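Undergrad: Here is a sequence together with a model predicted from it:
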Amino acid sequence: MPELPEVETIRLGLKKAIVGKTIAGVDIRVAKLFHGDKKEIIGKKIKDVSRRAKQIIIDVEGENDMLIHLKMTGQLIYDNGKSRVAGGHPSADWVAELPNSTTHIIFDFSDGSKLFFNDMRRFGWIKVFNSEELKGKLSEELGPEPFENEFTIEKLSEIIKSKPRWNIKKILTDQTLISGIGNIYADEALFWAKILPTRLAKDITDMEMSALHKSIIKALEIGLKYGGSSENTYYKIDGTKGRAQEHFQVYAQESKKCKRCSGIIKKIRLNGRGTHFCPACQS
């Protein structure tokens, strides 16, 4: 599933493509993937595209916004009749005739261009919310964003100490505690902080919390710098691959030599997910 760097990269590209356009119509082909009343957004101009955790927010004129979650195989494909840009799960749909069997929602803009929401596995969704309701919902359900001022060392320490019996990786990937970090960047952040992902929160020292705070930012900054990771199911909105996977230290590097200490990277199952670390220099 795309994490903060991947979703942020898609957001930036999508913002360039659709801000200022007016929604002329919405064709909902699979009802369960669209929640809310499409009449609330038809005829409205798109004002902005933002992000919260792993979700994209489309701000439209008036009192409503759209919240989009791509999940594992969601795609957003913008087509103006002359060129096409896409982001999300890579597939032949990006260059195929649209709509097709994986197209579930189509936004028609007044200038004739379209935005297609495709999803092979149908786990993704689009929801229309009252703007104030959405703001409150996201605030209540999601933890702080790592790049916001609220996410201080003290805040991270508070979060970690609130779950003393949890392993540290479980804390990093729980969106109710910290927003935007998933399997990939949790592994990378813990590597940079020299902390084993299996360590219990109660055993993390104050010095390690400070190191982890810096490492979370570092891992995400690397992801953003290289346009996210295309290791499995992600492409940028312009149809090109992210390159963050070329800079992974431990994620998907099992059995390879650690670049820091020449130990051998190990992979285990933790919290139901593949987890990567160096047993030699993470403790």
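TA: Yes, it's here.

Undergrad: quick one, phi/psi of the residue nearest to residue 38 when sequence neighbours are not counted?
TA: Excluding the flanking residues, the one nearest residue 38 by CB to CB, 6 or more residues apart in numbering is residue 26, at 4.1 Å. C-beta: built from backbone N, CA, C; applies to glycine. The phi/psi pair for residue 26 (degrees, to the nearest 10) reads phi -130, psi 120.

Undergrad: List the beta-bridge partners for residue 26.
TA: residue 107 (DSSP bridges).

Undergrad: Near it, how many other residues are there?
TA: 20 (other CB atoms under 10 Å).

Undergrad: my guess is it contacts residue 109, does it?
TA: No - counting by CB atoms under 8 Å, residue 26 does not reach residue 109; the two are 10.7 Å apart.

Undergrad: that older thread, can you name the residues that contact the residue nearest to residue 38?
TA: If a contact means CB atoms under 8 Å, 6 or more residues apart in numbering, then residue 26 has 34, 38, 41, 42, 105, 106, 107, 108 as its contacts.

Undergrad: Now do the helices in the stretch 1-150 of the chain.
TA: Remark: helices assigned in the stretch 1-150 of the chain by DSSP state H, counting those that start in this stretch are 4-18, 131-141.

Undergrad: Which one, of those helices, ends up nearest to residue 210?
TA: Evaluated with CB to CB, the helices of the stretch 1-150 of the chain place helix 4-18 nearest to residue 210, the distance being 21.1 Å.

Undergrad: neighbouring strands for the strand or helix carrying residue 276, and are they parallel or not?
TA: Under DSSP states H and E, the secondary-structure element containing residue 276 is strand 273-277. Looking at strand 273-277 with DSSP bridges, its partner strands are strand 266-270 (antiparallel).

Undergrad: For the helices of the stretch 1-150 of the chain, which has the smallest mean pLDDT value?
TA: The weakest mean pLDDT among the helices of the stretch 1-150 of the chain belongs to helix 4-18, with a mean of 89.

Undergrad: Now find how far off-centre it is within its chain.
TA: Centroid separation between helix 4-18 and its chain, computed with CA atoms, centre = their mean, to the nearest Å, is 10 Å.

Undergrad: May I see the buried residues of that helix?
TA: 4-15, 17-18 (16 or more other CB atoms under 10 Å).

Undergrad: Among the helices of the stretch 1-150 of the chain, which comes closest to residue 271?
TA: helix 4-18 (18.4 Å).

Undergrad: name the helices or strands packed onto that closest one?
TA: strand 46-52, strand 55-60, strand 74-79, strand 84-88, helix 206-225 (3 or more CB pairs under 8 Å, 6 or more residues apart in numbering; DSSP states H and E).

Undergrad: Select the helix or strand of the chain having the lowest average pLDDT value.
TA: strand 84-88 (a mean of 79; mean pLDDT, DSSP states H and E).

Undergrad: list the helices and strands that one packs on?
TA: With 3+ CB pairs under 8 Å, 6+ apart as the test, strand 84-88 has helix 4-18, strand 74-79 packed against it.

Undergrad: As a markdown table, these with distance to residue 167 would be great.
TA: Formatted as a markdown table, the helices and strands packed on strand 84-88 follow (distance: least, CB to CB, whole Å):
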| stretch | distance to residue 167 |
| --- | --- |
| helix 4-18 | 21 |
| strand 74-79 | 29 |
